[in-house]
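# Output the structure for:
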Amino acid sequence: MPYEPTATLAQTGGDGSIAQVYAQYSSLILLLLMFVLFYFLLIRPQQKRQKERERMLAALKKGDRVVTIGGLHGTIVDLDDKTVVLRAGDSRLTFERSAISAVLRDDKGEK
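Numbering: from 1, shown residues only. Reported below is the predicted structural model:
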């Protein structure tokens, strides 16, 4: 037997059923609106920051002045796919590439 919404509305009297259908759709629309809001306020900016960080780590080269996540300032002496050797003062320290927090820029705007 096929479902006919008009027959169902007629059986229930028609007063409360339209309000119930509206309430169901409005809650669904509200849920979708909240998801879209969370996407644009939380998820999308985080993805942008992650991509920017990956580009920064991929663009590292010898001679760049960097800061590690621990706050150590140094200059890159050597690097490979996973590690970076920094010169800080008179010592050379080896770090994971992912431990680099930022590349410092000169006053001229160059790296």
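
# which helices and strands does the biggest helix by length in the chain pack with?
The single longest helix within the chain, with elements called by DSSP state H, is helix 15-38. With contacts defined as 3 or more CB pairs under 8 Å, 6 or more residues apart in numbering; DSSP states H and E, the packing partners of helix 15-38 are helix 5-12. All C-beta atoms are positioned from the backbone trio N, CA, C, and that covers glycine.

# Quick check: the most centrally placed residue in the chain vs Ala99, distance?
With distances taken as CA atoms, centre = their mean, Gln46 lies nearest the centre of the chain, 1.7 Å away. To Ala99, Gln46 is 20 Å away according to CB to CB, to the nearest Å.

# Then Leu32?
40 Å.

# repeat for Met34
Using CB to CB, Met34 is found at 37 Å from Ala99.

# What of Arg65?
Relative to Ala99, Arg65 is positioned 15 Å away (CB to CB).

# Find the nearest non-adjacent residue to Ser72, please.
Rather than Ser, residue 72 is Leu. Ala88 (5.8 Å; CB to CB, 6 or more residues apart in numbering).

# got any ranges where this structure has weak pLDDT?
Applying pLDDT under 70 to the chain flags residues 1-16, 107-111.

# quick one: which of Leu32 and Ala99 has more around it?
Neighbours were counted for Leu32 and for Ala99 using other CB atoms under 10 Å; Ala99 has more, 16 against 10.

# thinking that one is in contact with Leu72, fair?
No - contact criterion CB atoms under 8 Å: Ala99 and Leu72 do not qualify, at 9.0 Å.

# Show me the protein divided up by domain.
5-56, 60-103 (automatic domain parsing).
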